[in-house]
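got a predicted structure here, sequence first:
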Amino acid sequence: MKRDHLTRDAFLGGRLHLWQPQNGFRAGIDSVLLAAAVTALEGQSVLDLGCGVGAVSFCLATRVRSLSLTGIERQSAYAELARRNARDLNFSMDVIGADIANLPQNLQRQKFDHVIANPPYFDPRTRKASKNTEREAALSGQTPLDVWIEIAMQQLVPKGHFFVIYPAARLSELLNALKGRLGTLAVLPIAARSNQAARLVLVRARKDTDRGLRLLSPLILHTGTRHMKDAESYRPEVNCILREGSELTWH
């Protein structure tokens, strides 16, 4: 990917800067929220499925030091940017260019404390395809959601955690994919404002346990019921996550 087709963008209030494609799929608030949701401890291992340029892993590593990070990315240009970002940030991350449905055998034998995923959101049957082939692959994907969940289950240590962010409108699809594979579910709806329906959900699942499902109170991103002026209106707790890299609390 040519240098003049890239931007170097600030995350976490400037604590982190990442190279991204100017016109392809670009990490944003979803990646920061997912990273904030991961309850990793220093020294633990994390597998990032479909890591892109590494935004989720690097936001997490900014908050939790000494993690063992592994990323899987099938698009070579994004995988190379993830490696470049790791070098620039002086983070250690093993970025493997592979499809999650066809992992290298040596990786299949590894187990991780946490698996994180930001799967492609958009159903190609209900949306107009992007002319940018890399963006289209990132948005629609070619790997079924069931495969993402199955790989997460296989790669987790016993009682390890899986974290995923997904559209609220497709929560039933996600829960069906998790059923029988990962249990003890917590679902956190994310809404822009208090008078609006949730657009996204964060889901935490635990391997080898099944204590049912908890539907948590929604995370509201903005103050007020509508956009009043050309300025940020994030709620204080959300601003701490987005600008200071704080951990998201699972109540």
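Sure thing, it's come through.

okay, buried residues for stretch 101-115 please.
Of the residues in stretch 101-115, those buried under the neighbour-count criterion (16 or more other C-beta atoms under 10 Å) are 103, 112, 113, 114, 115. For the C-beta atoms, the positions are set from N, CA and C on the backbone; glycine is no exception.

can you list these in CSV and add secondary structure and pLDDT?
Below are the buried residues of stretch 101-115 laid out as CSV (DSSP: H, G, I helix; E, B strand; the rest coil; pLDDT from 0 to 100):
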residue, secondary structure, pLDDT
103, coil, 95
112, strand, 98
113, strand, 98
114, strand, 98
115, strand, 98
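
with just CA atoms, put the top strand by length along the chain into CSV.
The longest strand of the chain (DSSP state E) is strand 156-167. Listed next in CSV are the C-alpha coordinates belonging to strand 156-167 (Å, rounded to 0.1, in the frame of the first residue of the first chain):
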residue,chain,number,x,y,z
LEU,A,156,-9.3,-20.4,24.0
VAL,A,157,-7.9,-21.9,27.2
PRO,A,158,-10.5,-23.5,29.5
LYS,A,159,-12.6,-20.7,31.0
GLY,A,160,-11.0,-18.2,28.6
HIS,A,161,-13.0,-15.2,27.4
PHE,A,162,-14.3,-14.2,23.9
PHE,A,163,-15.1,-10.6,23.2
VAL,A,164,-17.0,-9.4,20.1
ILE,A,165,-18.7,-6.3,18.9
TYR,A,166,-21.6,-6.7,16.5
PRO,A,167,-24.7,-4.9,15.2
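
partners of that strand, with directions?
Strand 156-167 pairs in its sheet with strand 112-117 (parallel), strand 200-206 (antiparallel), by DSSP bridges.

can you put the ones you listed in a markdown table and add distance to residue 243?
Listed next are those as a markdown table, based on distance: least, C-beta to C-beta, whole Å:
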| stretch | distance to residue 243 |
| --- | --- |
| strand 112-117 | 21 |
| strand 200-206 | 19 |
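
out of these, flag the one nearest residue 232.
Among the strands paired with strand 156-167, strand 200-206 comes nearest to residue 232, with 18.5 Å by C-beta to C-beta.

what's the first helix or strand after the closest one?
strand 213-215 (DSSP states H and E).

model confidence over that following strand, on average?
Mean pLDDT, strand 213-215: 96.

which other residues reach the helix ranked longest in the chain?
Taking DSSP state H as the criterion, the chain has its longest helix at helix 76-89. Identification of contacts with helix 76-89 by C-beta atoms under 8 Å, 6 or more residues apart in numbering yields 1, 6, 16-21, 24-25, 51-54, 57-58, 71, 73, 91-93, 95-97, 134, 138.

returning to that earlier point: sort out which residues of the very next helix or strand once past the longest strand of the chain are buried, please.
Sequence order places helix 171-178 as the next helix or strand after strand 156-167, per DSSP H and E. Judged by neighbour count (16+ other C-beta under 10 Å), helix 171-178 contains these buried residues: 171, 174, 175, 177, 178.

helix 171-178 packs against which elements?
Here helix 171-178 touches helix 145-155, strand 183-191, strand 200-206, going by 3 or more C-beta pairs under 8 Å, 6 or more residues apart in numbering; DSSP states H and E.

mind exporting the C-alpha coordinates of stretch 95-113 to PDB?
Taking C-alpha atoms only, stretch 95-113 is exported to PDB below (Å, rounded to 0.1, in the frame of the first residue of the first chain):
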ATOM      1  CA  VAL A  95       0.800 -10.800  12.900                       C
ATOM      2  CA  ILE A  96       0.000 -13.900  10.800                       C
ATOM      3  CA  GLY A  97      -1.300 -13.500   7.200                       C
ATOM      4  CA  ALA A  98      -4.000 -16.200   7.000                       C
ATOM      5  CA  ASP A  99      -7.700 -16.800   6.800                       C
ATOM      6  CA  ILE A 100      -9.200 -17.600  10.100                       C
ATOM      7  CA  ALA A 101     -10.800 -20.600   8.500                       C
ATOM      8  CA  ASN A 102      -7.400 -22.000   7.600                       C
ATOM      9  CA  LEU A 103      -5.100 -21.300  10.400                       C
ATOM     10  CA  PRO A 104      -1.500 -22.600  10.300                       C
ATOM     11  CA  GLN A 105      -1.100 -25.800  12.300                       C
ATOM     12  CA  ASN A 106       1.400 -24.400  14.800                       C
ATOM     13  CA  LEU A 107      -1.200 -21.700  15.600                       C
ATOM     14  CA  GLN A 108      -4.000 -24.200  16.000                       C
ATOM     15  CA  ARG A 109      -2.000 -25.800  18.800                       C
ATOM     16  CA  GLN A 110      -1.800 -22.600  20.700                       C
ATOM     17  CA  LYS A 111      -4.300 -21.500  23.300                       C
ATOM     18  CA  PHE A 112      -5.100 -18.000  24.400                       C
ATOM     19  CA  ASP A 113      -6.600 -16.400  27.500                       C
END
